[in-house]
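Visitor: Give the three-dimensional model of this entry:
(one chain, ligands or ions: 1)
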Amino acid sequence: MGAQHDDLHDAADPHGRALRLGIGGPVGSGKTALVAALCRSLGPSMRLGVVTNDIYTTEDAEFLRRAGVLDPERILAVQTGCCPHTAIRDDIAANLDAVETLEERFGPLDLVIVESGGDNLTATFSRGLADRQIFVLDVSGGDKVPRKGGPGVTMADLLVVNKTDLAPLVGADLTVMSRDAAAVRDGRPVLFTSLREDRSAHSVAEWVTSLVNTWKHANAHDHERTTPTTAA
Ligand SMILES: Nc1nc2c(ncn2[C@@H]2O[C@H](COP(=O)(O)OP(=O)(O)OP(=O)(O)O)[C@@H](O)[C@H]2O)c(=O)[nH]1
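Guide: Got it, this is the predicted structure:
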């Protein structure tokens, strides 16, 4: 499936709205742990909202609410009832509703994070739902995974290779993962994390901060260009 080519959704008008950041990746790779870490790091300085996706439960949202990383009301759960990629790529209505609900209730926001349910290497977000996306891989899946490619690995704006603490236990070579990821990503960034050891995901938080600042700056300039000035 050519996820990049089948995307029929246009990004909603970005003026005055939060950056929408999709976080995808295989089951158990650490997506929820990354969302929690970003809320810890960015919550004090940014206005945040979070949307989680699970197939039959609201487990990820409940985990984040229990973790106390963000005002519980700013965390909304979507129950997809279908393959996770369908809800973030093909039929994005439920996710868009959740994002817009957060913006109506708590806006203006700086950043809305949409966490996908766990899926396979082809899962990517529609550009109509996410302005930027992070794909999270897990070292314990084996050091061959980055070179297998797939749109999640190759096209995401940031690839996070998580659970580096497990590398010695599973015999994964991080140098090989780094080399292979660079080879298939055409210069796009890759960060290695252990969310067990760094519960604030500092490197990823820095990347997201810079993204949000660039987004605000670009939208402010666009707005100036498209807003007619009144003659004195
Ligand atoms: N050792 C280790 N465990 C981690 C790390 N990050 C997350 N975990 C653990 O991995 C398990 C899965 O993490 P989650 O954050 O729930 O993964 P997920 O991708 O959200 O999972 P799904 O939503 O089910 O797809 C949990 O038990 C986490 O505590 C890490 O860096 N190192």
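Visitor: Against Ile88, how distant is the residue in the chain that the ligand sits nearest to?
Guide: Closest contact between the chain and the ligand, by CB to the nearest ligand atom, is at Gly118 (2.5 Å). Placement of C-beta: from N, CA and C, glycine included. From Gly118 across to Ile88, the span is 12 Å (CB to CB, to the nearest Å).
Visitor: Of the two, give the one with the bigger neighbour count.
Guide: Between Gly118 and Ile88, counting by other CB atoms under 10 Å, Ile88 is the more crowded of the two (30 against 20).
Visitor: So that one lies in a helix, does it not?
Guide: Yes - the assignment for Ile88 is a helix, going by DSSP: H, G, I helix; E, B strand; the rest coil.
Visitor: Tell me the pLDDT of it.
Guide: Reported pLDDT at Ile88 in the predicted model: 91.
Visitor: For the remainder of this discussion, apply numbering that starts at 400.
Guide: In the new numbering, first residue 400, that becomes Ile487.
Visitor: residues in contact with it?
Guide: Neighbouring residues of Ile487 by CB atoms under 8 Å, 6 or more residues apart in numbering: 421, 423, 452, 494, 513, 515, 522-525, 528-529.
Visitor: Counting only strands, which of these make the cut?
Guide: Of the positions in the contacts of Ile487, 421, 423, 452, 513 sit in strands, assigned by DSSP state E.
Visitor: Where does confidence bottom out across those?
Guide: If you rank those by pLDDT, Asn452 sits at the bottom with 93.
Visitor: Tell me if I'm right that that one and Ile512 touch.
Guide: No - look at Asn452 against Ile512 with CB atoms under 8 Å: they stay out of range, at 11.4 Å.
Visitor: Which positions in this structure make contact with the ligand?
Guide: Taking CB under 6 Å from any ligand atom as the criterion, the chain approaches the ligand at residues 424, 426-432, 459, 517, 561-562, 564-565, 593-595.
Visitor: Thanks a lot, see you next time.
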